[in-house]
Structure formats: C-alpha cells, structure tokens
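Colleague: build me a structure from this.
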Amino acid sequence: MKILPPVAIGARRLLPSRWDVLAAVLVLGAIVLLADAGRQVVAPLATLKTHPVELNPWLLPEYALRTTLRMLVAMAFSLLFTFTYATWAAKSERAGALLVPVLDILQSVPILSFISITYVFFMSLAPGEVLGAEFGAIFGIFTSQAWNMAFSFYQSLRTVPVELDEAGRVFGLSAWARFWRIEVPFGMPSLVWNMMMSMSGSWFFVVVSEAITVGNRTITLPGIGSYIAVAIAHQDLAAIAYAIATMAIVILIYDQLLFRPLVAWADRFRFDQEQMEQTPTSWMLTVLRRSQLIDAAAAPFRSALRWSYRIAPPKPVNFPGAKNPLVGRLTDIAWYGVLAALVLYALWRAVTFIATGVTWHEALVATGLGFITMARVFVLIAIASVIWTPIGIYVGMRPAVARFVQPIAQFLAAFPANFFYPLFVVGIVTWNLNADIWTSPLMILGTQWYILFNVIAGASGIPRDMRDAAANFQLKGWLWWKRVGLPGVFPFYVTGAITASGGSWNAAIVSEVVSWGPHTVHAHGLGAYLSDAYGSGDFHRLVLGTVIMSVMVAIINRIFWRPLYWYAERKYRLT
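Modeller: Here you go, the predicted structure:
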C-alpha cells in the first residue's frame, strides 16, 4: 500500500520558505546592480569628459557600486590565477624554480608600471568605449590582490600534511580529485583570510587604478578612488569625510554578504581533530544553506564537479627510483637552459631600451635611491612584525575575539593612506620636518595588515590537541611562545612578511611623494623616482626604476626571505 506524506510536509516542500524569499531578493538585487553597471561600462569614452567625477555626496552610492564591482571582478580573476599559478608552482619543481621568483618580481613591480605598459593594450580591446578603461582599472586592482593570494595558497599546498595526501592516494583519488577534496579545503581557511586582506589592501591602490594617467592623458573613471583624488586636489575635507563614511558602509556590506559567510564556511576545513568552543556563524551562510532555490541552482555545478572526479582513473604511484635518472637530468638541463635564454633575452631588451634614453650616471643614482627605500622597508617590516605578531596570535586563538576584530581590521586595512596626506604634508611643511623620515610610515600603513591577517590565520589553525598538550605540560610565558605560539604561526608569518615587504616597495610610489592641494613633499627614494617618471611620461626612467626595484626585491627574496620560507616549511610543517 502506498503511503502519502501529510499535507503539511508536502506544502512545506512545494511552497518557498522565508529563506527562499530572502535569497531571491538578494539575487535579484545583485542582478539589477550588475545590469545597471554593465549599461554604463559600454558607454562611449567621451562620456567621462562630459560627466566628470563630482564631489556631490549623493553620487557616492553610485561611485561605491562601480568601485566594488571592479574589485569583485578583480577578485574573481585573482582566484583563477591563484588556483592555476600557485598550484603549478607547488606541484612542479622545474616550474616552481621559475614561477616563484617570477611571483616575487611581479609583486615588486609597481602598479604604475603595470598600468603604463598595459594601458594601450586594454584600450585597444574596446576602442572608444569606457570598457577599455574599465579593463585597465580592473587589471590594476588585480595586481594588488593576486600576488598575496597566490603566495598564501602556494604555502598551503607546500605544507599539506602527509597523512592527508596518503589518505587520498589510499582511496584512489585522482590528482584532480585530491586537489578539490584535500588540497583546496586544507588551504581554504588561510586563503579566505588573505582574500579579505587582498580586497582591503586593494583600496590602497584604487585611487591610482581609477585615475589612469599616461603621459599627458588622464582618464578618470567614476568611483570612490577618483572621488578621493578629486577631493585631495580641491582640499575638500568634508568630501573626504563622506568618502570615509561610504567606505565604512561598503566594507560592512561585503563583510556581511561575502567574507563572514566565507569564514564560517571555511571553518569546516580546519585541520583540527576537535570541535572549536565557538564556531563562526553567518546569517548569510544560513540563508544560502537553507534556501531550496539556491540549492537547486547549485545542484548542476555540484554534479559537474563530482562527475569530473571520475574523468581520470586512479594512477599507480610512481616511486622516484622507477624513473630514469639520465632522462631526468637531460630534461632539467634543457628546462634550465630555456629559462636562462629567456632571462638573458629579457635583460638584453631591457638594457637596450633603457640605454637609449638614460645615462649610466642616472642608473647609479636610481640604484642608490633603491637602497634608501630598501632600508625603509626593512625597518618598517621589523617594527610591524614586533607589534602585530603577538596580537595576531592572541586574536587567532580566540574565535570570539576574531569575529569582533575581523571587520575592524578590514576597515583599517582598507583605509587608504591618502587620507593621512593632509596631516603629514601640513605637519612637515609647518614644522619643517625631515620628509625622508616622516613620510616613511605611509609605506607600511596599507601593508602591515598582511602580517596580522596571516598570523591570525595561522594561529586559528593550530590544532586543539597541540594546545591541550601545551596546557597539560603547563607551558606558560616565554616558553609557550617559543614552543607553541611562534612555531605554530611561523610559516604563515613568513608568507605575510614576504607579501608585506613586496607591498611596501610598491607603496613607496605613493608615499615618498605626497600632495595636498598646492603643497607637495618629496622624500628621497626609488618610489619618488618612479612617481616623477610616471607623472612626466618618461618611459625610459620608468622602466629603469621598475627594473632596479624588481631586481633588488628578487635578490632580497632569494638571499633572505626564500631561505626563511624553506626553513619554515621544513621544520614547522604539520605532520
């Protein structure tokens, strides 16, 4: 006999719930906003001149929407870059020998150089339309997000516990299935924190990305960044206050709708054998989990991903001894030979281009300025490490505190140093202070948070059994920090310090030359050299400064940060 379910159960399944209604409202709102923004990006380029950026505060919601969409699109491309580039570098020793140093160089290349070099290319993709300038702005924001996320995910892939990898092989998972079922979940908590840091840090460079200047031509896109640039040019403190309030609202919105759900979702992937006392929660994640509409929309993607796990059958493990050593050696020689040829060709092209417009004396002067900037970076990273490492460990080991600190840290990280320009410029001019010293803090204001966010992610990932063992042995004071706290977060700290160091070099461009209305303060350094070359449209000096900065950062990473990274990976890996 067929048994029918009660009417109440059937109605509950057929009728939409309150979670479905709320999810539908949010999705429809997002579609409307995207459609409105899409209509504006295909407008003719001339509309940017006929409708310039105004300091009317009622236009700030529209500007905030445009900026937020650019940052979200850049974040999507950054995730795609992270999952491909970082994975290739971590899985292949030959590729990693090239990709990791290239990543070091990429994060040291100034955003001004990226925009200047790629400006013509992006404008050619959509001639005469705003879309080409939007591509350039999104790429500029992408360069302020992708490198940090790639480094974080690379570090996670290199420190996946051996037992997890062995479990995947025992269950016959293919490399593709192990990547999505083991490696990505293991790296997700750290990656989410670095996504928040990258999103917040990109506010620091949004002014440069939305007001693109190449030579004598300037294209200003509507957005909060361009609004800030206009407010600084007009010395309008009220407009800056409006921009700060708008940024706070925007950060609160994407914290509630994006990052807090991601943090709560990624908590399920923590490498811990015991449940946390207080797990992070999110009302938005609850809506997504309980909505039948969202579940039905996501079902095809889940099915496609599960089907992809069966594409490649499990392969037997190839032990190193089974490989032919002669073939491997010849392959290595050929690979590194190709790399050497590419490096020599790139150096030859760069030297040839620079030599046509720059003298050797100019190159020596720029190199000396690079050493001045390097000294600033080392001092500031050391100060930030001493301050934020213990704070990050304290916050990361207390989920309740982390939930409270997270939005505050995001706002502080997103707070552009441009807002402090009036205070620094007026103070330096009024009291005749040394610009080489008093402009230096601006270099670290936007990058010190990389250290804090990575340390918080590392501390929150310390297994519960390790904490309990330390408590049973009554480890306290400095002994606890030496045996548990600092070793537990050391790999994450190194990742944050590398990214903060590279970001500080980049931030030197906007911090060694600061302006407020008619007043401009110059400090001695490679950042000021690049800023002057960018403003005058001197591509030869711009390329010279970019090459010097990239080479110096690559050498520092090779002789200092990279050995420290390998030491952390080898000694403090969870096994």
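
Colleague: only C-alpha atoms from now on, for both contacts and neighbour counts.
Modeller: Fine.

Colleague: ramachandran coordinates for residue 513?
Modeller: Phi and psi for residue 513, reported as degrees, to the nearest 10, are phi -130, psi 110.

Colleague: from residue 228, how far out is residue 53?
Modeller: 10 Å (C-alpha to C-alpha, to the nearest Å).

Colleague: higher neighbour count, those two?
Modeller: residue 228 (25 against 20; other C-alpha atoms under 10 Å).

Colleague: how many other residues sit next to the nearest residue to the more buried one once chain neighbours are set aside?
Modeller: Using C-alpha to C-alpha, 6 or more residues apart in numbering and skipping the chain neighbours, the partner closest in space to residue 228 is residue 240 (6.4 Å). By other C-alpha under 10 Å, 22 other residues sit near residue 240.

Colleague: residue 240 and residue 231 touch, don't they?
Modeller: Yes. If you go by C-alpha atoms under 8 Å, residue 240 and residue 231 touch, sitting 6.3 Å apart.

Colleague: top helix in this structure by residue count?
Modeller: helix 360-396 (DSSP state H).

Colleague: just the strands from this protein, written as ranges.
Modeller: Counting by DSSP state E, the chain has strands at residues 211-214, 217-220, 513-516, 519-522.

Colleague: now render the ones you listed as TSV, adding distance to residue 236, mean pLDDT and mean neighbour count.
Modeller: Below are those laid out as TSV (distance: least, C-alpha to C-alpha, whole Å; pLDDT from 0 to 100; neighbours: other C-alpha atoms under 10 Å):
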stretch	distance to residue 236	mean pLDDT	mean neighbour count
strand 211-214	18	70	21
strand 217-220	18	76	15
strand 513-516	10	76	22
strand 519-522	14	78	16
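
Colleague: check contacts around residue 125.
Modeller: Taking C-alpha atoms under 8 Å, 6 or more residues apart in numbering, we find residue 125 in contact with residue 132.

Colleague: meant to ask about residue 554
Modeller: By C-alpha under 8 Å, 6+ apart, residue 554 lies in contact with 101, 104, 105.

Colleague: one more time with 10 Å, if that's ok
Modeller: Residue 554 makes contacts with 101-108, 502, 548, 560-562, as judged by C-alpha atoms under 10 Å, 6 or more residues apart in numbering.

Colleague: per-residue pLDDT of it, please?
Modeller: You'll see residue 554 listed with a pLDDT of 79.

Colleague: measure it to residue 561 for me?
Modeller: Residue 554 is 10 Å from residue 561, by C-alpha to C-alpha.

Colleague: measure residue 493 to residue 561 for me?
Modeller: Look at residue 493 and residue 561: by C-alpha to C-alpha, they are 11 Å apart.

Colleague: then residue 449?
Modeller: In terms of C-alpha to C-alpha, residue 449 sits 18 Å off from residue 561.

Colleague: between the two, who's got more neighbours?
Modeller: More neighbours surround residue 449 than the other of residue 449 and residue 561, with 28 against 19 (other C-alpha under 10 Å).

Colleague: do you know the pLDDT at the more buried one?
Modeller: 82.

Colleague: contacting residues around it?
Modeller: 194, 197-198, 200-201, 384, 388, 392, 409-410, 412-414, 455, 496-497, 499-500.

Colleague: which stretch among the strands of the chain comes nearest residue 252?
Modeller: The closest of those to residue 252 is strand 211-214. By C-alpha to C-alpha, the value is 25.1 Å.

Colleague: so what's the residue count around residue 104?
Modeller: So residue 104, with other C-alpha under 10 Å, has 24 neighbours.

Colleague: ditto for the one 10 residues further on
Modeller: Residue 114 sits with 16 neighbouring residues when counted by other C-alpha under 10 Å.

Colleague: how close does residue 347 sit to residue 353?
Modeller: Counting by C-alpha to C-alpha, the gap from residue 347 to residue 353 is 10 Å.

Colleague: typo on my end, it should be residue 269
Modeller: Applying C-alpha to C-alpha, the value for residue 269 to residue 353 is 50 Å.

Colleague: next: residue 461.
Modeller: 48 Å.

Colleague: of these two, who's got more company?
Modeller: residue 461 (20 against 15).

Colleague: surely the more buried one touches residue 488?
Modeller: Yes. Under the criterion of C-alpha atoms under 10 Å, residue 461 makes contact with residue 488 at 8.3 Å.

Colleague: anything in contact with each of these two?
Modeller: residue 455.

Colleague: give me the buried subset of the contacts of residue 554.
Modeller: Among those, those that count as buried by neighbour count (16 or more other C-alpha atoms under 10 Å) are 101, 103, 104, 105, 106, 107, 108, 502, 548, 561, 562.

Colleague: please, where are all the helices along the stretch 301-450 of the chain?
Modeller: Per DSSP state H, counting those that start in this stretch, the stretch 301-450 of the chain carries helices over the ranges 325-355, 360-396, 399-414, 421-431, 435-438, 441-445, 448-460.

Colleague: list the buried residues of the longest one.
Modeller: Going by neighbour count (16+ other C-alpha under 10 Å), the buried part of helix 360-396 is 363, 366-370, 372-374, 376-377, 380-381, 384-385, 388-390, 392-396.

Colleague: okay, angle between it and helix 325-355 too, please.
Modeller: 120 degrees (axes from the mean of the first three to the mean of the last three C-alpha atoms, to 10 degrees).

Colleague: any idea how far residue 227 is from the residue nearest to residue 228?
Modeller: As judged by C-alpha to C-alpha, residue 240 and residue 227 stand 8 Å apart.

Colleague: who touches both of these two?
Modeller: Residues touching both residue 240 and residue 227 by C-alpha under 10 Å, 6+ apart: 55, 57.

Colleague: mind exporting stretch 435-443 as PDB, just the C-alpha atoms?
Modeller: Extracted C-alpha coordinates of stretch 435-443, given in PDB (Å, rounded to 0.1, in the frame of the first residue of the first chain):
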ATOM      1  CA  ALA A 435      60.400  64.200   4.700                       C
ATOM      2  CA  ASP A 436      62.600  61.200   4.500                       C
ATOM      3  CA  ILE A 437      61.600  60.200   8.000                       C
ATOM      4  CA  TRP A 438      58.000  61.400   8.400                       C
ATOM      5  CA  THR A 439      56.700  60.100   5.100                       C
ATOM      6  CA  SER A 440      58.000  56.600   5.800                       C
ATOM      7  CA  PRO A 441      55.000  55.400   7.900                       C
ATOM      8  CA  LEU A 442      52.800  55.800   4.900                       C
ATOM      9  CA  MET A 443      54.700  52.900   3.300                       C
END
